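Visitor: Any chance you can model this:
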Amino acid sequence: MVEGKDLNVSLDFDGTLDNPAIQILVKKLMRCGCQIYILTCRYDDLHRHLWQPHSTNEDLYLVADILKIPHKNIYFGNMLPQFKPKFLHNSTIDMHIENDAKEVEEIETWCPKIKVIKI
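Guide: Numbers count the residues shown, from 1 in each chain. Next up, the predicted model:
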């Protein structure tokens, strides 16, 4: 596998990193030295009561802990429009893995230097 010491990779959580197959990929990326970040449109812990389908983030933190992704590498969008492309535009992320076609299109439009992988 390619050496990834300087490669920063972000992933969506719901529909992406919650998938066991993607978790296996992340483990491989981390073994190659990639830095992994989670970008989710979910509400953060302060605002999570506003969104009933995910009124806790325990499932997200559990996966992050299992994969050894530091909590400081988790970013919550609080359901703000275009959170991911706006965040990525000013970031050092090299690649983003996403399952939502609309978000993929927005990221590709706003952030042409970032490799986006749609799953």
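Visitor: only C-alpha atoms for contact and neighbour calcs from this point on.
Guide: Noted.
Visitor: mind listing what's buried in stretch 29-39?
Guide: 29, 30, 32, 33, 34, 35, 36, 37, 38, 39 (16 or more other Cα atoms under 10 Å).
Visitor: what's the spacing between it and its chain's center?
Guide: 10 Å (Cα atoms, centre = their mean, to the nearest Å).
Visitor: What separation is there between residue 31 and residue 25?
Guide: 10 Å (Cα to Cα, to the nearest Å).
Visitor: sorry, back to before: can you lay out the buried residues of stretch 29-39 as a markdown table showing distance to residue 106?
Guide: Shown next, in a markdown table, are the buried residues of stretch 29-39 (distance: Cα to Cα, whole Å):
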| residue | distance to residue 106 |
| --- | --- |
| 29 | 25 |
| 30 | 26 |
| 32 | 28 |
| 33 | 28 |
| 34 | 24 |
| 35 | 23 |
| 36 | 21 |
| 37 | 19 |
| 38 | 17 |
| 39 | 14 |
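Visitor: out of those, what pair is the most spread apart?
Guide: The distance between the two most remote of those (Cα to Cα) is 20.8 Å, for 32 and 39.
Visitor: Can you list the low-confidence ranges for the chain?
Guide: Along the chain, segments meeting pLDDT under 70 span 1-5, 49-55.
Visitor: rerun that using 50 as the cut-off
Guide: The model of the chain has pLDDT under 50 over residues 1.
Visitor: Looking at it, which helix is longest?
Guide: Looking across the chain with DSSP state H, the single longest helix is helix 20-31.
Visitor: Residues touching that helix, excluding its own?
Guide: 4, 16, 17, 36, 67 (Cα atoms under 8 Å, 6 or more residues apart in numbering).
Visitor: go again using 10 Å as the cut-off
Guide: 1-5, 7-11, 15-17, 32-36, 63-64, 66-69, 97, 119 (Cα atoms under 10 Å, 6 or more residues apart in numbering).
Visitor: Okay, buried residues for stretch 23-30 please.
Guide: Buried, per 16+ other Cα under 10 Å, within stretch 23-30: 23, 26, 27, 29, 30.
Visitor: longest strand in this protein, by residue count?
Guide: Counting residues, the longest strand found in the chain (DSSP state E) is strand 35-40.
Visitor: Report the backbone C-alpha coordinates of it in PDB.
Guide: What follows is strand 35-40, C-alpha atoms only, in PDB (Å, rounded to 0.1, in the frame of the first residue of the first chain):
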ATOM      1  CA  GLN A  35      -4.300  11.000   9.600                       C
ATOM      2  CA  ILE A  36      -8.100  10.300   9.800                       C
ATOM      3  CA  TYR A  37     -10.800  12.900  10.500                       C
ATOM      4  CA  ILE A  38     -14.600  12.500  10.800                       C
ATOM      5  CA  LEU A  39     -16.800  15.200   9.300                       C
ATOM      6  CA  THR A  40     -20.500  14.800  10.200                       C
END
